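# quick check, what structure comes out for this input:
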Amino acid sequence: MSLPIDPAVALAPRLPSPLQRVEDERLAARGVELRLKRDDAVHPTVPGNKWRKLAPNLKAALDQGHSRLLTFGGAYSNHIRAVAAAGAAVGLGTVGVIRGDELARAERNWSLALAEGYGMELAFWDRARFREALSGLAAPETVRRLEERWGRCYVLPEGGTNVAAARGAAEIVAELPDLGPGDVVCCAVGTGGTLAGIATALPEGARALGVAVVKGARYLDGEVARLHELGWGRTFPGWRIDHDHHGGGYGRVPAELAAFAEDFEERHGLALERRYVAKMLRCVYDLAGGEWLPPGSRVTAVITGPVDPVQ
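Below is the predicted model of the structure:
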């Protein structure tokens, strides 16, 4: 069977994604306007920033004649599920290397079961081996070892973050043509690719705010800067990462964050994904009216993904 040359034809994403204004008296009292860039509505199985980041990589894999994608992720990785679904849609085989060798003997959770349902082959590695592979993905020896096991593969890092992914994320800004001084585009940050892309495309005076969902992740600032240097050969102004709204660490949803999400849902009729989106919006509400979101700011918050089947 011939492979489609354009992933957008096979997956038919809904682009541009909707833009939704939020009327909230708490923000209005602080002089801040909020609108939601509903990237959760881009595609049912490859939603949000996963589509943005995967689309250019899928195109590259197909153009280079690959028949298999290989990537890395955790037990509940949105990226793993998205790669599995996208690969199935365009006719590429998929391999997911999962952090935690103990999971091989455990019953599949809902996330990994979905990935396998799309035909993804799962391999469970201990954490030391997993970290070693990720840190050496640019080394020919690492690629050689992966290909000895799985054959020729198009390899994606954890979270799918590379320069191509950042370029895909920059398309979010292209769908916001009215940005200017006073505008802040906000997104959750897991690996830095979405924020990196957004920052490259902003017009003069607009800014980008990323909200780290991982505790102790100051390295993300360097990762965004590294992507800029690799892909554009320069640095970009006007962006920062908030490191105070991670909720205690990746995957953790403390009671106060859950309460915020439930209150937002009740007020505005939109269910919030907890591990990324709720943390990002909680940060916006906390910073509204302050130094980084002063009165007169208009925040465009990127809803990067839908609610998990199991919150």
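# report the secondary structure element holding the residue lying closest to residue 160 once chain neighbours are set aside.
Of all residues not flanking residue 160 in the chain, residue 53 sits nearest, at 4.6 Å (Cβ to Cβ, 6 or more residues apart in numbering). For glycine as for every other residue, the C-beta is placed from the backbone atoms N, C-alpha and C. Element membership for residue 53, per DSSP states H and E: helix 48-63.
# next, name the residue at the spatial heart of the chain.
By Cα atoms, centre = their mean, the chain has its centre lying nearest to residue 49, at 4.6 Å.
# which stretches in the stretch 201-311 of the chain count as helices?
Shown for the stretch 201-311 of the chain, the helices assigned by DSSP state H, counting those that start in this stretch span residues 219-232, 255-268, 279-287.
# what's residue 151 sitting at in phi/psi?
Dihedral pair for residue 151: phi 80, psi -170, per degrees, to the nearest 10.
# need the contact list for the closest residue in space to it that isn't next to it in sequence.
Nearest residue to residue 151, sequence neighbours excluded (Cβ to Cβ, 6+ apart): residue 68, at 6.5 Å. The contact partners of residue 68, by Cβ atoms under 8 Å, 6 or more residues apart in numbering, come to 92-95, 150-154.
# swap the cut-off to 10 Å and go again
61, 87, 92-95, 121, 147, 150-155 (Cβ atoms under 10 Å, 6 or more residues apart in numbering).
# look up how far residue 215 lies from it.
34 Å (Cβ to Cβ, to the nearest Å).
# same deal with residue 223?
16 Å.
# so these two - more neighbours on which side?
Between residue 223 and residue 215, residue 223 has the larger neighbour count (other Cβ atoms under 10 Å), namely 18 against 12.
# tell me the pLDDT of the residue lying closest to that one once chain neighbours are set aside.
Nearest in space to residue 223, with sequence neighbours left out and distances taken as Cβ to Cβ, 6+ apart, is residue 192 at 4.2 Å. We have a pLDDT of 96 for residue 192.
# now the strands for the stretch 151-300 of the chain?
For the stretch 151-300 of the chain, the strands defined by DSSP state E, counting those that start in this stretch cover 154-155, 183-189, 207-212, 239-242, 298-302.
# take these and write them to JSON lines, including mean pLDDT and distance to residue 39.
Shown next, in JSON lines, are those (pLDDT from 0 to 100; distance: least, Cβ to Cβ, whole Å):
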{"stretch": "strand 154-155", "mean pLDDT": "96", "distance to residue 39": "24"}
{"stretch": "strand 183-189", "mean pLDDT": "98", "distance to residue 39": "9"}
{"stretch": "strand 207-212", "mean pLDDT": "98", "distance to residue 39": "15"}
{"stretch": "strand 239-242", "mean pLDDT": "98", "distance to residue 39": "18"}
{"stretch": "strand 298-302", "mean pLDDT": "98", "distance to residue 39": "6"}
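# I'd like the ones you listed laid out as a markdown table, including mean neighbour count and distance to residue 174.
As requested, those are exported to a markdown table (neighbours: other Cβ atoms under 10 Å; distance: least, Cβ to Cβ, whole Å):
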| stretch | mean neighbour count | distance to residue 174 |
| --- | --- | --- |
| strand 154-155 | 20 | 25 |
| strand 183-189 | 25 | 12 |
| strand 207-212 | 25 | 14 |
| strand 239-242 | 18 | 17 |
| strand 298-302 | 24 | 13 |
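# can I get those strands in a markdown table with distance to residue 30?
Below are the strands of the stretch 151-300 of the chain laid out as a markdown table (distance: least, Cβ to Cβ, whole Å):
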| stretch | distance to residue 30 |
| --- | --- |
| strand 154-155 | 45 |
| strand 183-189 | 13 |
| strand 207-212 | 15 |
| strand 239-242 | 17 |
| strand 298-302 | 11 |
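# out of those, nearest to residue 111?
Of all the strands of the stretch 151-300 of the chain, it is strand 183-189 that lies closest to residue 111, at 17.7 Å by Cβ to Cβ.
# what's the angle between the closest one and helix 48-63?
Angle of strand 183-189 versus helix 48-63, following axes from the mean of the first three to the mean of the last three Cα atoms, to 10 degrees, is 70 degrees.
# could you export strand 183-189 as CSV, CA atoms only?
Provided in CSV are the C-alpha atoms of strand 183-189 (Å, rounded to 0.1, in the frame of the first residue of the first chain):
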residue,chain,number,x,y,z
ASP,A,183,-0.8,40.2,24.2
VAL,A,184,0.6,37.2,26.0
VAL,A,185,0.3,33.7,24.5
CYS,A,186,0.4,31.1,27.2
CYS,A,187,1.0,27.3,27.1
ALA,A,188,1.9,24.5,29.4
VAL,A,189,5.5,23.3,29.2
